[in-house]
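Enquirer: with the sequence up front, the predicted model follows.
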Amino acid sequence: AQLAEAALYKICAEAGEYFRLNLEKPQSAKAQEYVSSRGFSPEFAQEYGFGLAVQEPMALVNYLLKKGRSISDMITASVALSSKYDQKGYDFFINRLMIPIADMHGRVIAFGGRSFGDEQPKYKNSMNTPLFDKSQVLYNLHRAKDAIRTQRSAIICEGYMDVLQLANHSLTNSVACLGTALTLPHLRRLAALTPQVNLVFDGDKAGRNATLRTVSTALEVASVECRVVVLPTGEDPDTFVQKHGADAFRDFVQNAKGLLDFAIETRIQETHALGVPDLVTKEIVPWLQTIKDPLKQGFLMNRISDLTGITVSNISQAVKGDAPTKKTPPKLAPLPGVLPER
């Protein structure tokens, strides 16, 4: 198994170097212009390992074959795909700006690919592999861990372009989830570094909905204070920091709201006044029933009472009613008109 993993690490490292050298070639001027248009200098792009996946469908596969790598290992490392028509291997990433994803030791284990312009999908990440599990890995944590420890605060974004732009503006304590909501392993990893985590979401309903899924996760890691930073509608950290600068972004982080209050208040705001009791019965009570610690449950009931105007005794009565049939904590229903996850 160790030999097999070593081969995958080599493939990822060689692919990263191949992508990086592609971007530096004179014929890659359009890709270089795109990087510059996003506000990144050539020095920054080099430091963060920016690269280019070209349009030829077997360019990387052929490069790695010459290095003695097998197509089956390339497929396992998620840099190649197999074709059911001709049994050949084809590049997994084609015509994309490439961002390497590293483990805590700085070893490349996967890639993110950003399309040039609005081609869909805009973002494409490596599949899960023996080296890369998106529920365990936070983008940029290997670089940000020292700043997170020193500042006693972490910023979690929804995408790696957000993290890169924040780093470009000297905000070095940011990481990103990779196409998934924040998980328990993510939060435990951060809890080893900091007592405070700030979840930054795009100023739209999809972003707000992501925080609802995080409440149950946050309750499992009591040592970390989870807060929510909501940017203005239509903004994400990438666009916001370019328009308004690092100090304005820091002000938003400074004024972050507690995760629990934000999650409940957001649901209440999306519900008309007469619908609040129904919201509590259908969504909040089943969720409270999954929380086994009586002190945590009591604290939450008091907080929810303050936010909804429903008495603690009424909430408590409802919680002591029928237990939820599911053993796993139910997800709070998505807000109306939610966009799909990136």
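Expert: Right, received. Where do you want to start?
Enquirer: element containing Thr172?
Expert: Under DSSP states H and E, no helix or strand contains Thr172.
Enquirer: ok, which stretches of the chain are strands?
Expert: Secondary structure of the chain, counting by DSSP state E: strands at 51-53, 80-82, 89-91, 96-102, 108-115, 123-125, 154-157, 174-176, 196-201, 225-230, 257-258.
Enquirer: could you export the ones you listed as CSV, including mean neighbour count, distance to Gly16 and mean pLDDT?
Expert: Any C-beta I mention is one placed from the backbone N, CA and C, and that applies to glycine too. Shown next, in CSV, are those (neighbours: other CB atoms under 10 Å; distance: least, CB to CB, whole Å; pLDDT from 0 to 100):
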stretch, mean neighbour count, distance to Gly16, mean pLDDT
strand 51-53, 26, 7, 98
strand 80-82, 19, 15, 95
strand 89-91, 22, 14, 96
strand 96-102, 24, 5, 98
strand 108-115, 22, 5, 97
strand 123-125, 19, 14, 95
strand 154-157, 26, 22, 96
strand 174-176, 27, 18, 97
strand 196-201, 23, 27, 92
strand 225-230, 21, 31, 92
strand 257-258, 15, 38, 90
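Enquirer: for the ones you listed, give me JSON lines that also has distance to Gly309.
Expert: Formatted as JSON lines, the strands of the chain follow (distance: least, CB to CB, whole Å):
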{"stretch": "strand 51-53", "distance to Gly309": "54"}
{"stretch": "strand 80-82", "distance to Gly309": "55"}
{"stretch": "strand 89-91", "distance to Gly309": "57"}
{"stretch": "strand 96-102", "distance to Gly309": "46"}
{"stretch": "strand 108-115", "distance to Gly309": "45"}
{"stretch": "strand 123-125", "distance to Gly309": "41"}
{"stretch": "strand 154-157", "distance to Gly309": "32"}
{"stretch": "strand 174-176", "distance to Gly309": "37"}
{"stretch": "strand 196-201", "distance to Gly309": "27"}
{"stretch": "strand 225-230", "distance to Gly309": "22"}
{"stretch": "strand 257-258", "distance to Gly309": "19"}
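Enquirer: where does the stretch 151-300 of the chain dip in pLDDT?
Expert: 203-213 (pLDDT under 70).
Enquirer: for it, which segments count as helices?
Expert: All helices of the stretch 151-300 of the chain, identified by DSSP state H, counting those that start in this stretch, fall at 160-168, 184-191, 205-219, 237-244, 246-254, 259-269, 276-279, 285-289, 294-308.
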